Every structure is written in structure tokens, then in C-alpha cells.
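Visitor: just a sequence and a predicted model for now, questions to come.
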Amino acid sequence: MFMKLVILDRDGVINLDSDAYIKSLEEWIPIPSSIDAIARLSKAGWTVAVATNQSGLARGYYDLSTLETMHVRLRELVAEQGGDVGLIVHCPHGPDDGCDCRKPRPGMLLRIAEHYGVDLAGIWFVGDSSGDLEAAQAVDCQPVLVKTGKGERTLAKALPAGTLVFDDLAAVAAHLLQ
């Protein structure tokens with residue numbers, strides 16, 4: 001059975017990104033068209049999962065309960081539009097911790113695949129950074145770059161072969177729902 005699954009990075013794709021980290025619910029500012037896009041995908045039978053690096057946890061900028069508050073808010077906003085957010089996984093480690101989950105390593109994507117019992121080949125992973133695209137490529141996901149967040153900066157670099165580029169998550173959703 002084919003599951004309609006799309007995996008999203010969080011910061012810069014679903015919400016505004018900040019080089020100073022998103023440290024509180026107040027700083028977690030959703031991109032309105034992204035909330036709408038997730039709800040539209042969900043209502044059309046897509047499962048929308050999220051894989052997000054959160055090294056701010058390791059750095060002590062915020063705690064797990066604060067991160068959970070942001071994800072509860074994300075779920076509430078999507079639910080208000082009749083949609084649902086699937087599994088949200090995060091990497092709590094810093095860049096030098098040597099974990100297997102921090103993108104560009106594919107650990108979080110593998111956890112999502114295991115959770116849903118799916119093969120990742122061809123599954124779209126939507127991100128705004130080179131690390132997102134490399135993680136997608138490592139597990140044969142379809143790398144998808146959005147120009148929001150760090151997307152424009154990432155676009156200036158070499159992209160993995162076959163990377164699809166869209167203006168934002170709303171454009172990705174429109175394409176998938178065609």
C-alpha cells in the first residue's frame with residue numbers, strides 16, 4: 001500500500017527562521033501559507049511529518065517543554081483549518097555531538113519511515129538548507145528546496161541532483177495536490 005507521506009523541515013519551511021534560534025513560543029512565528037498548505041495536504045489524505053534539528057536544546061537556549069509548546073501550537077493552528085500534523089521528530093544534539101539524527105545525517109527520516117512502516121524512496125522531504133537536501137539524498141527521498149527561510153542562500157550553492165525548487169510550502173502543496 002502506498003502511503004501519501006511528505007516530510008517537512010520546520011524552521012524556515014513552516015515558521016520563520018532566525019539565526020538567533022527560535023527560543024520561545026513568542027519567537028515561533030508561523031508562515032500563514034505554510035499552515036494552510038499543511039492543512040490542505042492533510043485534508044487530501046497526505047500524512048505530513050516533521051523532522052527538525054533543534055540544537056538550541058543542547059545549547060541550553062530553551063528546554064524540551066518549550067519545544068513541545070511550539071509543536072502543540074503548530075498542531076492547533078493546522079487543526080483549526082481542519083488538518084492534522086503527523087509525527088514530529090527532533091534532534092536535540094549540537095553539531096559536534098556525533099549523533100546519527102542531526103541533519104544532514106538521515107536518522108530522523110529513518111525514524112519517520114520506521115514509525116509509518118514505509119520505504120523512503122521517492123518520498124518528498126521539503127527543506128530550506130543544504131543539510132535538509134543532503135539528508136533527503138542519503139535515504140533516497142526526493143529533495144525539495146523552498147525559497148523561504150535559508151532557501152535563497154541555499155539556492156546559491158550546488159544542489160543535489162534532481163532537487164526540486166519551489167517558492168514556498170504553499171507552492172509545494174499546490175503541486176502535490178494537482
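Guide: Sure thing, it's come through. Residues are numbered from 1 along each chain as shown.
Visitor: from here on, contacts and neighbour counts on C-alpha atoms
Guide: Noted.
Visitor: give the buried residues for stretch 114-125.
Guide: 118-120, 123-125 (16 or more other Cα atoms under 10 Å).
Visitor: meant to ask about stretch 58-74, not that
Guide: For stretch 58-74, by 16+ other Cα under 10 Å, it's 62, 67, 70-71, 74.
Visitor: low pLDDT regions in this protein?
Guide: Counting by pLDDT under 70, the chain has low-confidence residues at 1-2.
Visitor: hey, which strand is longest across it?
Guide: Using DSSP state E to define each element, the chain has its longest strand at strand 47-53.
Visitor: of all the residues in that one, which ones are buried?
Guide: Neighbour-count burial for strand 47-53 flags 47-53 (criterion: 16+ other Cα under 10 Å).
Visitor: rebuild those as JSON lines, extending it with distance to Gly149.
Guide: Listed next are these as JSON lines, based on distance: Cα to Cα, whole Å:
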{"residue": "Thr47", "distance to Gly149": "23"}
{"residue": "Val48", "distance to Gly149": "19"}
{"residue": "Ala49", "distance to Gly149": "18"}
{"residue": "Val50", "distance to Gly149": "16"}
{"residue": "Ala51", "distance to Gly149": "15"}
{"residue": "Thr52", "distance to Gly149": "13"}
{"residue": "Asn53", "distance to Gly149": "14"}
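Visitor: which ones among the buried residues of stretch 114-125 map onto strands?
Guide: Per DSSP E, those map to strands at 124-125.
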